[in-house]
Each structure stands twice: as structure tokens, then as C-alpha cells.
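Chemist: dropping a prediction and its sequence here:
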Amino acid sequence: MRERAAVLTALGLDADPAVHLRELAELLDGAYREVAAGLPAKAAVSIKGGKLHLSRLQAAPEPEGFRAVHDKVAAMLPRIDYPELLLEVHARTGMFDCFTHITGSHVRRDDLDITLAALTVARSCNVGLIPVIKAGVPALTAARLIGAEKGYFHGEGIAAASGRLVDQQAEIDITADWGGGLVASVDGMRFVVPVRSLYAHPSPLYFGVGKRPRGATWLNVVSDKVMGLGGLVVPGTLRDSLYILDAIHRLDAAEQPEVVVTDTGSYSDLVYGMFAMCGYQFAPRHADVSDTQLWWIDTAMLEGGLTTGTRATNGWGDFNSLGLRRVSIPAIVQHWDDMARVAGSLSTNQVRAYDLIKMMTADGRLTGLGGAFAHYGRIFKTLHLLQVLHVEDYRRMIGAQLNVGEARHTLARRVFFGNLGRLVRGYERGMEDQVGVLGLGINAIVWWNSLYIDAAVKRLEAGELGIKGGEVTPEIRARLSPLLFEHINFHGFYPFNRPELGGGLRELRDPNTAPDEEE
């Protein structure tokens, strides 16, 4: 009984489900009324023939003057080699200090940062150790690199270093214009796996055809500040909805998101319910809302009855013509304690959401507990869809956040160019370490770009370079992206030299100088 109370308190849920469900009923009733009252003024939304119609959202126009600012900022970013970028980020954040030896020893070589930077390049670029080995440099000998990889380069250190970058990026002024860190998207990046592995499955759509065109999916979580928060590797191309909650519960950063955005194929009523019980607002992008079932809560079911004859007075307008269905209140009440236990186990990583979802959908049918989660999720699915219909900015936020994830994948492909961009490790921990290092490298790039974009914008705001300070508006700053990479060199012999910073930033380039005039 004491554990039950502690779990409910931690999750912010009522011990009495009736109290909680009455509050949700009032919230849902108010949402229906508000959206119904605003329908006549919304050209994009209509209800005809008993179906809901939502027009496709057109791309938002760029803020006036955005292109000029964007081009100047991009031209001002200093050119830099990838290894030196990593060492500069470490010099400013201490990210490599997060790597501890597996024995617990605190003794560290003075040049360990150079060794770890070389390992980050080798694994995140997928080129192996040979390009970064320098026989005459003690920190870069083959023996030192292999020893450091076995002793220091583990998943826990990678996650801690990535989490440090996430936390410290918030101290860079311009990142406040990109988001508050409370919204995150979950999306999958596909990799061909050319070796035999239990974690690689075939898929002609993503991995080609043949005897062994198998692959794996890196399901990664990206914040609205464009930083990777963590992720996991899943076999092949299984439905993302089976794994996204596991990805959310394995984040590297200390601050958790509140809103989780996914694409069309990653939702179900059951997943909605599990996210809601765990305290997250699940916000998938629905490709077509016309066939989506909306639900309502009949509080009379708490007393064993049904409410009838209220359509003319409920204030829901045209929504009454959509065949709204009742949420099964008895199912939720009956399984409330078990639902809370499941949410508590998920939040403390005692069980995997994937295993629970498979268990609750045995033989393609929902179990009693699965049905309770699904009915609970239908409440939040309906609230989400009503918000999509009523608030255009909410729809745009979902699309913009998914675009951030896609843009990070583009950068990831640019970084992970070796071995044809394929995962060459066949076991799960090896795959997760490999994509974890890739995530750390991308976060380092985003952190470094954030720092120098902030410096470039402040210079433009000071009225230099032909742009008046007032012309760099908050709308323009919000659209600037730290996912630029044309100024970063990922190829070559990889010189590893600590930058001499002198307490300041590198000199920004002159955006008015043609590339062929630069030294």
C-alpha cells in the first residue's frame, strides 16, 4: 500500500481514479466546446458528411530579412577540422572528463583528451583507427588508442559526455530562441548491417534486396534546442511505437522533455495511454484525421449508468455528427492500480515498454490491462487532435520539430561516411556504442555551432556588416539552425592539436570575402 502511494505521488496521479477521470472529463468537455465555437472561423477545418477534414498545412513564410542574416551567419563561421572542433569543445566544456576508467581509477594521462578525440573521430566517422594513428605521437599510437578504447570508451562515458553538452548548451544565449528544452522528437535513422547479427533484420524498402541486405534502426531523441538527448538501437524496421517510450526513459540529459513528437507510424491508443500515465504529452503527427475516431468521457459510468439525450445542449456543435464514442471508464477503474505499477516500473527502468506492449497485445488482441491503457490513451489522443484542429502553431511546432530530427540525420550521414555509412558491429552493445559516439559527435558540432552562431548574431546586432541591429529579430534568430556543416572538414589525415584559445573565441570570417580569396 505504501509503495502504491509513492508511485502515484511520483507520477502526479490520484489514488482515486474517479477523481482523476472527472477532472479529465471537464477538460475534454471544455476542449470540445472551445474548438466547436471556433470552427466557423477556421478555413482549414470542416466537418462534412459525418467526417472531419483538415487541410494540409502550408509552409510558413520566412521572416523578412531572414535569408540575408542566415547567409551572413553561415559565411562568418570559422573553418575548422573536425578533430580540432572536438578538442575545442572539450576545452570549453570538459566533455572528455566524463569518461572514467572501467576500473574506477582516477589516474589520467595529460594527453588523454587527444586520445579520446581521436577515438571519437574514428568511431563517429566510421573510418576505424588506422586514419587517426600517428606513430610518433604518444597519445595516438595504436597501443594507446586500443587501450583507451577498452578502458575508457564505454556507453556510460559517452552518455555522460553527451549529457554535459546538452546541459551546457542552455548557457549559450541564442539557444533560448530555439526552444525551452521541453519538446523532443523521436525518429529512426536506418543503417545497413553487413555482418551477421540478431539485431539486423531485412527490409527491401530501406536496405535493398539480396541474400543479406539487413539493417538496424537508431531510434534517437532530439530536443527543440537541436541537441540529441539519447536513443537506442532496435532490430530492422519494427514499428517505432513499440520502442519510443524505452528511448524516452534512456535519456542522457538530466532535464526530461514534457512533449514527445513522433511521425505518423509511431502511435496507437495503447502508446498514448502509456505515455500519459508516465507524465508525457504524446504528440504524433497524424497523416489523415478524417478516419480518426474521437472519444468522450461519460462520468455517469462511474455510477453504473449512461448519459443520454445531451447532444442538443452539450455545446459540442458539429462534433456530435462524428459518431463520438464513450471511453470505457470501468476498464480504467478496474485496472488503475496495475496501470500505476506499470508506469512506475517503466519510469524506473525495471521493465521495457517493448516487452509490455507485446505482452498486452498478445495474438493481436488487447488484454484487459492493455484495453485499460488504450481507453485511457483515447482521452489524450482526443485532446491532442482537438489541439491540432484549434491551434495552428501547435501543428507547426510538430512539423518543425520533426524537421529538426530529419536535419540532424542529414548531418549524421555527413559525419558517418566511412564504410559506406554501414554499421559494422554485429552485437547490440557494439552498435549502441557506435551510434552513441556518432550522437556525441553531432552534439559537439551543434554545441560549437551554437557558440559561434551566437557570436555572429551579436556582431550583426551591433550593426556591423551592413545589417542594422533591429533587423535581427527574434523570429529570425529562432529560424537559424546549428546544423550547418559546410565549414567543417571531416576528411583527411586528422591532425589533433589542442586549440590555443587565449580565453576568447576564434575570429569570425568576413562574410563579404569570396571563398577563393580566403587563406
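Modeler: Received it, and whenever you're ready, just let me know what you need. Numbering: from 1, shown residues only.
Chemist: what average pLDDT does stretch 115-132 get?
Modeler: Stretch 115-132 shows a mean pLDDT of 94.
Chemist: that one: how far from the chain's middle?
Modeler: Distance, stretch centre to chain centre, for stretch 115-132: 25 Å (Cα atoms, centre = their mean, to the nearest Å).
Chemist: so what touches it?
Modeler: With Cβ atoms under 8 Å, 6 or more residues apart in numbering as the test, stretch 115-132 has contacts from 82-83, 86-87, 90, 96, 99, 109, 139-140, 142, 144-146, 148-149, 152-153, 415-419, 421-422, 424, 433-434, 437-438, 440-442, 444, 490, 493-494, 496. In short, each C-beta sits where N, CA and C put it, glycine included.
Chemist: just checking, L229 touches R250?
Modeler: No - counting by Cβ atoms under 8 Å, L229 sits too far from R250 to count as a contact (9.4 Å).
Chemist: so which of these two has more stuff around it?
Modeler: Ranked by neighbour count (other Cβ atoms under 10 Å), L229 and R250 place L229 first, with 27 against 17.
Chemist: count of neighbours near G273?
Modeler: Using other Cβ under 10 Å, G273 has 27 neighbouring residues.
Chemist: do D318 as well
Modeler: 16.
Chemist: hmm, it is touching L39, no?
Modeler: Yes - look at D318 against L39 with Cβ under 8 Å: they come within range, at 6.5 Å.
Chemist: overlap of the contact sets of the two?
Modeler: I47.
Chemist: what are the ranges of the helices in the stretch 1-150 of the chain?
Modeler: With helices called from DSSP state H, counting those that start in this stretch, the stretch 1-150 of the chain shows them at 2-11, 17-38, 66-76, 82-93, 112-124, 142-151.
Chemist: hey, which of the ones you listed is tucked in deepest?
Modeler: helix 112-124 (a mean of 25; mean count of other Cβ atoms under 10 Å).
Chemist: got the angle for it vs helix 142-151?
Modeler: Taking axes from the mean of the first three to the mean of the last three Cα atoms, to 10 degrees, one finds that helix 112-124 is oriented at 80 degrees with respect to helix 142-151.
Chemist: now the angle between helix 82-93 and helix 112-124, please.
Modeler: Interaxial angle, helix 112-124 versus helix 82-93 (the same axes, to 10 degrees): 130 degrees.
Chemist: how far does helix 112-124 sit from the chain's center?
Modeler: That offset, for helix 112-124, works out to 25 Å (Cα atoms, centre = their mean).
Chemist: just to revisit the earlier point, export the helices of the stretch 1-150 of the chain to TSV and tack on distance to V259?
Modeler: Below are the helices of the stretch 1-150 of the chain laid out as TSV (distance: least, Cβ to Cβ, whole Å):
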stretch	distance to V259
helix 2-11	17
helix 17-38	17
helix 66-76	25
helix 82-93	27
helix 112-124	29
helix 142-151	37
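Chemist: G50: which of those helices is closest?
Modeler: helix 17-38 (15.3 Å; Cβ to Cβ).
Chemist: which strands or helices does that closest one pack on?
Modeler: If you count contacts as 3 or more Cβ pairs under 8 Å, 6 or more residues apart in numbering; DSSP states H and E, helix 17-38 packs onto strand 295-296, helix 329-334, helix 368-390.
Chemist: mind putting these into a markdown table with mean pLDDT?
Modeler: Formatted as a markdown table, the helices and strands packed on helix 17-38 follow (pLDDT from 0 to 100):
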| stretch | mean pLDDT |
| --- | --- |
| strand 295-296 | 96 |
| helix 329-334 | 96 |
| helix 368-390 | 95 |
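Chemist: please identify the most buried of those.
Modeler: Mean neighbour counts were compared across the helices and strands packed on helix 17-38 using mean count of other Cβ under 10 Å; the top stretch is helix 368-390, at a mean of 22.
Chemist: who touches the helix or strand just after that helix?
Modeler: Next along the chain after helix 368-390, taking DSSP states H and E as the criterion, comes helix 392-415. Under the criterion Cβ under 8 Å, 6+ apart, residues 44, 57, 60, 82, 124-125, 183-187, 189, 220, 222, 224, 226, 228, 261, 263, 283-285, 387-388, 421, 438, 441-442, 445, 481, 483, 485, 490 lie in contact with helix 392-415.
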